[in-house]
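**Q** mind looking at a prediction? Sequence and model below.
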Amino acid sequence: MNKNKEKIKGKSNKVNYEMKNKKKIMEILTNKFYLSFSSLNEVLEILWELEEFKKVNIIDFLEGLNYSDNYSKKQKGNRLLKELREKKYPEMTESLLKIKKEIKEIEKGKKSLKLEIPQNLEGDFLKLEIIVKKEQEIDEIINKLFEKKQALKNILRKIQRGG
């Protein structure tokens, strides 16, 4: 093992991550963020990949994150994990943004229509939720869905192929 690296053991997958400045990394993670055990393991895995393959200085990266003081440690942990996933999976992140934009366009003007996609595109479905309080809303929603039928099919296809 390289003298400048220390082992961080990711217990969930029994992998040893050799990272520079392990103690400092763990200090930053525990002081700035609240992470569950599984989230911590995912964060460590992605940080290791960034250091190992993209040659990112992890200390500089973590210290450079500026989250609002209004955020709780848990919210900061969630933001960190989200940003790291975006760095690890840039293509999926781009696909998710495009799909969410398409969904907003379909939902526009119809508060009674809600579309949901599986988290991280890990699923093969598109969830449609319709809430109606007046009879006329039924016709409006049906017309909107019919008008946007092809866009809905395209979104479903993208979800099913993972982006």
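**A** Cool, got the structure.
**Q** OK, contacts around Ile141?
**A** Contacts for Ile141 (Cβ atoms under 8 Å, 6 or more residues apart in numbering) come out as Lys110, Ser112, Leu113, Ile130, Val132. Bear in mind the C-beta positions are built from the backbone N, C-alpha and C, glycine included.
**Q** okay, and it sits in which element?
**A** Per DSSP states H and E: Ile141 is located in helix 135-147.
**Q** list every C-alpha atom in the following helix or strand past that helix, with coordinates, as CSV.
**A** Sequence order places helix 149-160 as the next helix or strand after helix 135-147, per DSSP H and E. Taking C-alpha atoms only, helix 149-160 is exported to CSV below (Å, rounded to 0.1, in the frame of the first residue of the first chain):
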residue,chain,number,x,y,z
LYS,A,149,-49.7,11.1,-25.8
GLN,A,150,-46.6,10.9,-28.0
ALA,A,151,-44.5,12.8,-25.5
LEU,A,152,-45.7,10.5,-22.7
LYS,A,153,-44.7,7.5,-24.8
ASN,A,154,-41.3,9.0,-25.4
ILE,A,155,-40.7,9.6,-21.7
LEU,A,156,-41.7,6.1,-20.9
ARG,A,157,-39.3,4.7,-23.5
LYS,A,158,-36.5,6.8,-22.0
ILE,A,159,-37.2,5.6,-18.5
GLN,A,160,-37.3,1.9,-19.7
